[in-house]
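Trainee: coords please:
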Amino acid sequence: MEAKLFIQYYTYDDDDKFDASSDYYKDGEYAKLMNSEYEKSKDVVFESMSSGGKVSKPSAGSYWEQYGISAPSQNDDKNIRYSSTNCILYNENGEEESVDGIIDHYVDQKPFIEMVEIDCDSSEDEFISEFSMWLKEHKKISEFMEKNRVGDDVVWKYEPKRDLKLSFINKANEEVYAALSDCRVMDIIDDKTLIVFIGKLTLVDKI
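Mentor: Okay, here's the model as predicted:
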């Protein structure tokens with residue numbers, strides 16, 4: 001089934017949300033602070049993630065105050081945007097997905113698996129950036145867990161999730177929108193095709 005896939009990204013149009021006071025840093029001090037914090041926390045963050053919380057985790061929230069930045073509201077929907085690409089969906093049997101199949105997933109409200117073939121030529125810049133980041137996170141988790149011989153159940157626990165949206169044309173030739181919750185990459189077939197676990201599909205009014 002031909003469809004359009006949307007991925008979420010954030011934009012900060014309101015300048016004062018990320019303003020630091022002009023006299024907060026001396027020349028070069030910001031870079032030194034950033035490098036210092038990176039060196040202190042880079043190993044701890046990943047180690048804590050892989051150990052199921054046994055390692056003490058740094059408090060990310062304290063960095064807003066430390067760097068003199070006003071924290072943005074995480075619930076401010078006006079900062080959320082969606083970027084898209086065209087794609088073809090296949091069901092878990094490798095057959096091209098159908099409108100009836102999508103509706104069945106909506107009615108069932110159960111997790112399901114789709115193979116997604118991305119049309120790279122139609123991908124918007126923000127989609128490419130966010131999608132690439134998601135795949136990179138997936139690869140890092142998989143490589144780390146494989147290197148340390150961690151079981152698949154643990155890998156799955158830490159697999160990065162994304163909430164996606166989808167649009168497709170129904171049998172009445174109308175565009176329909178759906179929200180795809182708790183999506184995780186299960187496998188990367190090639191540079192444009194991947195297997196995606198979808199926690200739930202919900203029909204929505206708009207993107």
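
Trainee: and the next element down the chain from the helix or strand hosting D187?
Mentor: For D187, the enclosing helix or strand under DSSP states H and E is strand 175-188. Proceeding N to C from strand 175-188, the next assigned helix or strand is strand 193-198, under DSSP H and E.

Trainee: Domain-wise, how is this structure divided?
Mentor: For the chain, whose domains are defined here by automatic domain parsing, the residue ranges read 2-12+75-204, 19-66.

Trainee: Quick one: mean pLDDT for the longest one?
Mentor: In other words, domain 2-12+75-204. For domain 2-12+75-204, the mean pLDDT works out to 91.

Trainee: So K157 belongs to a helix, correct?
Mentor: Yes - K157: assigned to a helix according to DSSP: H, G, I helix; E, B strand; the rest coil.

Trainee: ok so, going back, redo the domains of the chain as TSV? Include mean neighbour count.
Mentor: Any C-beta I mention is one placed from the backbone N, CA and C, and that applies to glycine too. As requested, these are exported to TSV (neighbours: other Cβ atoms under 10 Å):
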stretch	mean neighbour count
domain 2-12+75-204	15
domain 19-66	11
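
Trainee: Do you have the helices of the chain handy? List them.
Mentor: Per DSSP state H, the chain has helices spanning 29-50, 62-66, 99-108, 125-147, 152-158. These are given in chain order.

Trainee: give the contact list for the closest residue to L89 other than its chain neighbours.
Mentor: On the basis of Cβ to Cβ, 6 or more residues apart in numbering, the spatially nearest residue to L89 that is not a chain neighbour turns out to be E97, at 3.9 Å. When the contact criterion is Cβ atoms under 8 Å, 6 or more residues apart in numbering, the partners of E97 are M1, A3, L89, Y90, N91, E114.

Trainee: tell me the phi and psi of E97?
Mentor: Geometry field for E97 lists phi and psi as phi -60, psi 150, criterion degrees, to the nearest 10.

Trainee: Now the two most distant members of the contacts of E97.
Mentor: Of all pairs drawn from the contacts of E97, the widest gap by Cβ to Cβ lies between A3 and N91 and measures 12.7 Å.

Trainee: From L166, how far off is the residue nearest to L89?
Mentor: When distances are taken as Cβ to Cβ, to the nearest Å, E97 and L166 turn out to be 10 Å apart.

Trainee: who touches both of those two?
Mentor: Counting by Cβ under 8 Å, 6+ apart, the contacts common to E97 and L166 are A3.

Trainee: which residues pair with the residue lying closest to H138 once chain neighbours are set aside across the strands?
Mentor: Excluding the flanking residues, the one nearest H138 by Cβ to Cβ, 6+ apart is V185, at 4.2 Å. V185 forms beta bridges with V196, as assigned by DSSP bridges.

Trainee: Put the alpha carbons of stretch 115-124 into CSV.
Mentor: Coordinates of the C-alpha atoms in stretch 115-124 are reproduced here as CSV (Å, rounded to 0.1, in the frame of the first residue of the first chain):
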residue,chain,number,x,y,z
MET,A,115,7.8,-3.7,6.5
VAL,A,116,8.3,-0.1,5.4
GLU,A,117,10.0,0.8,2.1
ILE,A,118,11.0,4.4,2.1
ASP,A,119,11.0,6.5,-1.1
CYS,A,120,14.2,8.4,-0.5
ASP,A,121,13.6,10.8,-3.4
SER,A,122,10.4,12.2,-1.7
SER,A,123,11.9,12.4,1.8
GLU,A,124,12.0,15.9,3.4
